[in-house]
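Trainee: Test case, fold it:
(one chain, ligands or ions: 2)
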Amino acid sequence: MLNLPNQVTIIEVGPRDGLQNTQHIIPTIQKLNFIHSLQDAGIKEMEITSFVSPKWVPQMADHTDIVMNVNKIGKQYVLAPNEIGIQKALSLNSKAIAVFVGVSNTFNKKNINQTTLESMNTLTPIIKDLKKEGVFVRACISTAFYCPYEGGIFPEDTLALCRQFVDLGVDELSVADTIGMANPVESYSLFSLLKQELPNVLLTAHFHDTRQMALANIFASLQAGINRFDSSAGGLGGCPFAKGATGNVATEDVVFMLEQMGIQTGIDIQKVCKSLKHLQPFLKEEISSAQYKLYQQR
Ligand code: HMG
Ligand code: MG
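Mentor: Ligands and ions are numbered 1, 2, ... in the order given. I've put the predicted structure just below:
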């Protein structure tokens, strides 16, 4: 018997993970239009930008304008790797902050110029303060399965890092296959382990679709009891500091698969595609998700 939930929560990461890896700088107004049209499509949780160094990720340099001008609908996450980013986010009244750390030291060093241990030492007192102030903390766990530099990651190492965050009181773990390398057996196995060992935290799966295994991984993770998935409209995205990383699984393709299986998402695929149609002229990349192609052929 399949283990399927009636409902799944999609956390849209397009405006952040999706756009951070795009070639052209997209005007802020177009990013806001994109966010607002995704809200109109029924997205209730979204990563809207990241407070990272503009020298490292120029596309996210307009984070302040995004947060100040976005319609405050649903749960809006901003990413922040350190004290500077978190203080900026708090000064703009952000209520949900996503920190990010890699299980792999080499990746973490390339991504945020610190080892994993250094990142945890930086973040530990900050997360404790955030929790005292009632901020929702999401911890994004990169390279949970594979690292582009170190290879396979031991599930126990991923569990150990996740546990450290849970002990600090984070509300959610978003566990990522950063380079789209995990297979469904590995996804089932890791998420079953995390579900069993960390029952009191929201668990979200974040799959990149580099090898087109993301939908299969989502199906396997559903079997492990996961009912929260990150995805990116149009399948855009990837971490600029993870060699070979490509886009996230496309929101519209995930929604189609889930709804076809009788699992509710509350998201309107046609409206997601319409938001992509308006974004496409500002992108160098061609949007090529299955649902978007079908939408264009109508
Ligand atoms: P650094 O060079 O070691 O930092 O970078 P620093 O402390 O020496 O500061 C250098 C400059 O950056 C200074 O400015 C700081 O003020 C500034 P300057 O004096 O040179 O003018 N700075 C900042 N500016 C804005 N916001 C900040 C900030 N911090 C310092 N928060 C740093 C360290 C963390 C800043 C840098 O490495 C960085 O910005 N990295 C971001 C990398 C990134 O955004 N990666 C993508 C997101 S993670 C991801 O995609 C994975 C995920 O999707 C899950 C998955 O798929 O795996 C979440
Ligand atoms: Mg990602």
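Trainee: Could you tell me whether residue 22 really is in a helix?
Mentor: No. Per DSSP: H, G, I helix; E, B strand; the rest coil, residue 22 lies outside any helix segment and is coil.
Trainee: you'd agree it is up against residue 236?
Mentor: Yes. Judged on CB atoms under 8 Å, residue 22 makes contact with residue 236 at a distance of 6.6 Å. Every residue, glycine included, has its C-beta placed from N, CA and C.
Trainee: what sits in contact with each of the two?
Mentor: The contact sets of residue 22 and residue 236 overlap at 283, 285 (CB atoms under 8 Å, 6 or more residues apart in numbering).
Trainee: who's more crowded, these two?
Mentor: Neighbours per residue (other CB atoms under 10 Å) separate residue 22 from residue 236, with residue 236 holding more: 26 against 19.
Trainee: for the more buried one, what are its contacts?
Mentor: 14, 17, 18, 19, 21, 22, 247, 248, 283, 285, 287.
Trainee: Try it again at 6 Å.
Mentor: Contact partners of residue 236, counting by CB atoms under 6 Å, 6 or more residues apart in numbering, are 14, 18, 247.
Trainee: how about the last one, phi and psi?
Mentor: In other words, residue 247. The phi/psi pair for residue 247 (degrees, to the nearest 10) reads phi -60, psi 160.
Trainee: Top of the contacts of residue 236 by number of neighbours, please.
Mentor: residue 14 (31 neighbours).
Trainee: From residue 249, how far out is that residue?
Mentor: Distance of residue 14 to residue 249, given as CB to CB, to the nearest Å: 11 Å.
Trainee: got it, and residue 47?
Mentor: Per CB to CB, residue 47 is found 14 Å from residue 249.
Trainee: who in this structure is up against ligand 1?
Mentor: Counting by CB under 6 Å from any ligand atom, the chain comes close to ligand 1 at 17, 20, 50-53, 56-57, 80-82, 84-85, 100, 111-113, 140, 142, 176, 178, 206, 208, 239, 241.
Trainee: Please, which helix or strand holds residue 205?
Mentor: If you go by DSSP states H and E, residue 205 is part of strand 202-207.
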